[in-house]
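**Student:** the following comprises the amino acid sequence and a computationally predicted model.
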There are 2 protein chains.
Amino acid sequence: MSKDVVVGIDVGGTTVKLAFINLNGDIMTKWEIHTNRQEAGRYIVEDLATSVLEKAKEEQIDMSRVLACGVGAPGFIDVDHGVILEAVNLGWKDYEIQKELEALLAIPVVVDNDANVAAAGEKWKGAGENAENLLAVTLGTGVGGGIIAGGKIIHGVQGMAGEIGHITSIKEHGSLCNCGKRGCLETVASATGIARLGLDSVQEHRIGYLDEIFEEKGAITAKDVLDGAKQGDELAVEVLDEAMEHLGFALANLANSLNPEIIVIGGGVSKAGDFLIESLEKQFKRFAIPRIGRDTKLHIATLGNDAGVIGAAWLAQETYGLTSS
Amino acid sequence: MSKDVVVGIDVGGTTVKLAFINLNGDIMTKWEIHTNRQEAGRYIVEDLATSVLEKAKEEQIDMSRVLACGVGAPGFIDVDHGVILEAVNLGWKDYEIQKELEALLAIPVVVDNDANVAAAGEKWKGAGENAENLLAVTLGTGVGGGIIAGGKIIHGVQGMAGEIGHITSIKEHGSLCNCGKRGCLETVASATGIARLGLDSVQEHRIGYLDEIFEEKGAITAKDVLDGAKQGDELAVEVLDEAMEHLGFALANLANSLNPEIIVIGGGVSKAGDFLIESLEKQFKRFAIPRIGRDTKLHIATLGNDAGVIGAAWLAQETYGLTSS
């Protein structure tokens, strides 16, 4: 029987997303299971495998049709050997996930970092227009990223490539980041970072939309900043511009060095859509080589929560199949 | 007869460097010819081909032993089609160099940007320790660069990747760069940029080593700044630190994103050696993710003028041969 299906799996801290996906990248069926983090995550992979095999039976997908399985997982990963070096929030350490999952599913498995896999998903079926050279950045609680160059995910020597959130953005007196360094992009352009800049503004000025929100709720979120800016509140616009100046600077410098065709912006903050892109584009053009500023496309991500399973499926067919892209 | 030789060619504005190189990357014989730029560079490729065939006869290298020819050339290049889109200082525009040279030499030809090819040379036989993930930066009149990731030269969508010199380093009121943008790394970390910072310092302070030089020669060079800093002249050290802060910031942010194993520093300024690396390393560690700051090696380039022909040879055997690296 011809191999016309892949499995895409996106392992998160609370749920695992799974899907059977055809070689064109269309989701045939998708579902979720709970992430069982007990005993250092030792049950997760068995749960996954059982769930995949059950779903195959249920959907009458013969496993002999399945070419391979791709997995996106958080943390540091040795992609060549299929080992999760460390995934703190799952409890995994030096965990041979590829070997384990191959034994349980009896198909080839490939694993990569979740942010890289999401970038691949957007490249294949999302806002990435199947570009061979693409940057993806996720503005969520933190700032994540994935780099695709020459059609391949870039890993670097220790699998740490794509850590766009830890580009230094503020040279002096920046806020301390989880990575141990100061002034990371993540401290000013993530949802958390934008909220913090909003709070700083409120504390300094005590007027306008953000001040009203703060009086009412005792807190400021990134969404409040974006809502205020959309309504034209001057201080909210200022805060957003500050965040986008940092993001535009970092992305322009990456683009100056990597010359991507498209940069895809995802994560919760990206829900602000075209409004966000406009603000970002202005800053991006300021810091990009003129030709790169003109030609690089900035797009909002389109796959949402499906980016992970689709990207994992891309990885599976890229690694084990004929390139059908 | 087995294919055990490649030709490496490095086309420059005044001379063309050529070499026969074996598959281990050892130079068998190397020589130079004058770059004839008359009539928009229309004689250059014929000159090259004639010279290669003559030298082969002279050295008794049968052309049937030659696997392929690699060429490094300045300007924008469409690597996939072997076309020089524009090389201003040679006069070439939409020039099908690969096709022309293949017709003349009767062997496969591959062409890439000269900075990328030099990076490949340092990777293969120079300071790069054959690292699959490497950045190369050349501090000369300008700041050039090449990026190798996952063992491949990164080109980007328009062949502009690796333009490290045009990373924006100064956000506001930076000097105007040839690229049309302000505050590029090149304006502060090239030989020209360091000299300019030195001159600024002299004009501000009018004391110390650099002032003496300026009084004597009416000018300041990058070498003067490096010499002064080596002798411990306070203002010269300050100027060097300023340049290395910019370079360290740019390289750390690239390393935060690309996780290279090694960064190779070449070009005239790199002749300052370990002294330069020490100053750079301090700044690099300031702006790098702690683990990347600790693990990324900073090395001075070792191949000098041979980097181009050796890198071109690497490219030839990488493209047309079995990977012998």
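**Tutor:** Thanks, I have it.

**Student:** how much space between the residue lying closest to A:Arg182 once chain neighbours are set aside and B:Gly13?
**Tutor:** The shortest distance from A:Arg182 to any non-neighbouring residue, by CB to CB, 6 or more residues apart in numbering or on different chains, is to A:Gly174 (4.2 Å). Quick note: C-beta positions are derived from backbone N, CA and C, even for glycine. From A:Gly174 across to B:Gly13, the span is 42 Å (CB to CB, to the nearest Å).

**Student:** the two - which one has more neighbours?
**Tutor:** Using other CB atoms under 10 Å in any protein chain shown as the criterion, A:Gly174 and B:Gly13 rank with A:Gly174 on top: 17 against 13.

**Student:** could I get the contacting residues of A:Ile292?
**Tutor:** Residues near A:Ile292 by CB atoms under 8 Å, 6 or more residues apart in numbering or on different chains: A:Ala252, A:Ala255, A:Asn256, A:Asn259, B:Met160.

**Student:** redo that, cut-off 10 Å
**Tutor:** A:252, A:255-260, A:284-285, B:156-158, B:160-161, B:163, B:166, B:179, B:181 (CB atoms under 10 Å, 6 or more residues apart in numbering or on different chains).

**Student:** cool, A:Asp94 as well?
**Tutor:** Counting by CB under 10 Å, 6+ apart, A:Asp94 touches A:Asp78, A:Val83, A:Ile84, A:Leu85, A:Glu86.

**Student:** tell me the secondary structure at it.
**Tutor:** strand (DSSP: H, G, I helix; E, B strand; the rest coil).

**Student:** helix, strand, or coil at A:Phe275?
**Tutor:** helix.

**Student:** which ones are touching it?
**Tutor:** A:Leu226, A:Ala229, A:Lys230, A:Leu240.

**Student:** which two among those residues are spaced furthest apart?
**Tutor:** Greatest spatial distance in the contacts of A:Phe275: A:Lys230 and A:Leu240, 9.2 Å, computed using CB to CB.

**Student:** quick one: which of those two has more around it?
**Tutor:** Neighbour tally, A:Lys230 and A:Leu240, criterion other CB under 10 Å: the higher count belongs to A:Leu240, 26 against 15.

**Student:** now do the contacts for the residue lying closest to the more buried one once chain neighbours are set aside.
**Tutor:** Nearest residue to A:Leu240, sequence neighbours excluded (CB to CB, 6+ apart): A:Ala229, at 4.3 Å. Counting by CB under 10 Å, 6+ apart, A:Ala229 touches A:198, A:209-210, A:235-241, A:243-244, A:272, A:275-276, A:279.

**Student:** do A:Val79 as well
**Tutor:** Contacts of A:Val79 (CB under 10 Å, 6+ apart): A:Gln98, A:Val110, A:Val111, A:Asp112, A:Asn113, A:Asn116, A:Ile153, A:His155, A:Gly159, A:Leu315, A:Thr319.

**Student:** near chain B too, which of those residues?
**Tutor:** A:Ile153, A:His155, A:Gly159 (CB under 10 Å from any CB of the partner chain).

**Student:** in this structure A:Leu90 contacts A:Glu39, no?
**Tutor:** No: here A:Leu90 does not reach A:Glu39: they are 11.3 Å apart, not a contact under CB atoms under 10 Å.
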